[in-house]
Structures are given as structure tokens and as C-alpha cells.
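Student: Sequence and predicted model, in that order:
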Amino acid sequence: MAEDMTIESYLEAGGVLTNPTNVPPRYRAELMKLMATFVDSELAGAAGFADIINQGPGIKERIAAAKIVLEKSDSADRVLNIMGEFGADTKRYANHHPWTERLEREADIGATRSEHDMRLAVFNYPIEGWIDAVMMNLLMSRAVAIQLAEFSMISYQPLAEAFRAITPIEAHHGELAFEGAQKLSEQGNTEQMQAAVNYWWPRVAASFGSGSAEKNEHLRKMGLRRATGAELKTRWEAEAAGLLEKLGLRAP
């Protein structure tokens with residue numbers, strides 16, 4: 001960084017930070033929020049799929065669900081270790097929140113977080129059965145892929161590298177979901193699949209948030225955001241609709 005540059009101008013010019021010692025307080029707060037949201041969402045997501053493993057209709061499906069649980073937990077741990085470098089109590093973290101807790105099925109909290117943790121709102125809703133799990137995973141995996149493409153370019157280099165390592169793992173979860181959805185479709189489950197899509201679509205869409213233009217600009221200047229949540233949501237809607245069309249389904 002040039003001697004005459006402030007940390008803010010350095011970040012706005014595309015500079016990167018590499019360790020906790022050179023991170024300004026406001027930047028640290030936003031970075032910790034981003035990491036906590038990811039970790040909490042991965043742990044809550046893993047907890048939800050753990051309850052579904054034995055509902056898989058065959059061994060292959062149960063292995064796929066178990067693999068998702070394992071890898072989501074590992075991805076959470078990868079980012080939690082970076083949080084630990086900023087002082088988070090990583091040993092206490094995993095057992096501190098009720099990861100399996102869910103709302104009533106028909107609850108509607110929009111993008112609101114729970115009072116327990118920083119998980120995305122979508123992970124507060126219960127999964128009901130195998131078809132529901134596959135379709136939720138299909139829609140959410142596409143949303144995660146779009147978010148990770150954004151996060152892989154953030155200005156805190158160790159975290160950007162972690163997200164780049166996690167990206168292909170999460171992409172494979174989407175592939176497993178599409179493979180499972182194709183099998184369900186071939187077995188004549190399209191009506192139940194469409195019902196699950198109708199339920200999960202608005203809840204996954206809400207995960208992109210509704211941040212103000214001022215907030216988006218604030219994050220952009222710190223190198224923690226490039227596209228707005230609305231832009232990412234539009235991208236997801238198009239890509240998710242394309243996947244559904246291949247399955248003979250439709251976006252709500």
C-alpha cells in the first residue's frame with residue numbers, strides 16, 4: 001500500500017488485506033458478519049440434512065445426503081478457523097446455537113434472522129421428506145453458487161481463498177440435487193416436486209437480502225461486495241428457472 005493512501009482508498013482501488021492486524025474496525029465488523037452468516041448457514045443446513053439421511057429412498061441417496069452433511073460441516077469449520085484468528089471462540093461455537101431448531105412450516109419471516117444465530121432465514125424452515133429436501137437443495141445450491149462467486153473476490157485474501165476452495169464442493173451438492181431431481185421426475189413425482197418448488201422459491205429468494213443502496217456502496221468500497229443483492233437474485237432466478245425447465249417444472 002502506498003504511504004499516502006488511506007486503508008479505505010486502498011481497498012476501493014482493489015487492494016487486499018491478509019491478516020487481522022491490518023484490518024480496520026468497521027471492516028472487521030462487516031467481515032465477521034459475513035463469516036458468521038456463512039458458518040451459521042452451513043451448520044444449520046447440515047443439521048437439516050442430517051435429519052433427512054435415513055429418508056433417502058436408496059443407499060446411493062443416503063450416501064449423497066450424508067456427504068452433503070459432512071462437507072457442509074467441513075466448509076463451516078474452514079471459515080470458522082479464520083474467525084478464530086479474529087478472536088472467535090471456535091471450540092464453543094459449534095455447540096452454542098440450536099442448529100436443528102426450526103420454525104413452523106407455514107411461518108413467513110422474509111429475510112429476518114432468528115434470535116439464536118446468523119443463519120440465512122431460509123435455514124429456519126423445516127424440510128419435510130425426501131422430495132422436499134432434494135428440491136430445496138437444488139434451489140439453494142444454485143443460490144450458494146452465485147453468492148460464492150461473489151465472495152471469492154472479496155478483499156480479505158485468506159477468506160477469498162477459502163471460498164474459492166469451497167466453491168467446487170458446493171457446486172457438487174447442486175449436481176447431486178439435480179441428479180436426484182431427475183430420478184424423482186422419472187418416477188412420476190412432478191406434482192410433489194412442483195409443490196416443493198413453490199414453497200422454497202420465495203424463501204431461497206429472500207436469502208439475497210434487500211440491503212439499501214447506501215449499504216451496498218459501503219460494502220463495495222471495502223471490497224466486500226461487487227454486485228448488489230438484487231443483481232445476484234436476478235441471476236439466480238434465471239439460472240434456477242433454467243434448471244426447473246429441464247425437469248419439466250416451472251418457477252413460481
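Tutor: Structure's in. What do you need? Numbers count the residues shown, from 1 in each chain.
Student: And the helices in this protein, which stretches?
Tutor: For the chain, the helices defined by DSSP state H occupy 7-12, 25-50, 59-85, 90-96, 129-151, 157-186, 190-205, 213-221, 229-246.
Student: for the fifth one, packing partners?
Tutor: Identification of packing neighbours for helix 129-151 by 3 or more C-beta pairs under 8 Å, 6 or more residues apart in numbering; DSSP states H and E yields helix 25-50, helix 59-85, helix 157-186, helix 190-205, helix 229-246. In this view, the C-beta of every residue, glycine as well, is placed from N, C-alpha and C.
Student: What of the fourth one?
Tutor: Of the remaining helices and strands, those touching helix 90-96 by 3+ C-beta pairs under 8 Å, 6+ apart are helix 59-85.
Student: Between helix 129-151 and the helix it packs on, find me the angle.
Tutor: Angle of helix 59-85 versus helix 129-151, following axes from the mean of the first three to the mean of the last three C-alpha atoms, to 10 degrees, is 40 degrees.
Student: tell me the angle helix 59-85 makes with helix 25-50.
Tutor: 160 degrees.
Student: Now residue 131: closest residue in space that isn't a chain neighbour?
Tutor: residue 192 (4.9 Å; C-beta to C-beta, 6 or more residues apart in numbering).
Student: Identify whichever of the helices of the chain lies nearest to residue 112.
Tutor: Each of these was scored for nearness to residue 112 using C-beta to C-beta, and the closest is helix 190-205 (11.6 Å).
Student: Just the mean pLDDT for that closest one, thanks.
Tutor: The average pLDDT within helix 190-205 is 98.
Student: Stretch 74-85 now?
Tutor: 96.
Student: re the thing from before, now distance to residue 18 too, for the helices of the chain, in a markdown table please.
Tutor: Shown next, in a markdown table, are the helices of the chain (distance: least, C-beta to C-beta, whole Å):
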| stretch | distance to residue 18 |
| --- | --- |
| helix 7-12 | 12 |
| helix 25-50 | 13 |
| helix 59-85 | 11 |
| helix 90-96 | 20 |
| helix 129-151 | 17 |
| helix 157-186 | 5 |
| helix 190-205 | 33 |
| helix 213-221 | 19 |
| helix 229-246 | 26 |
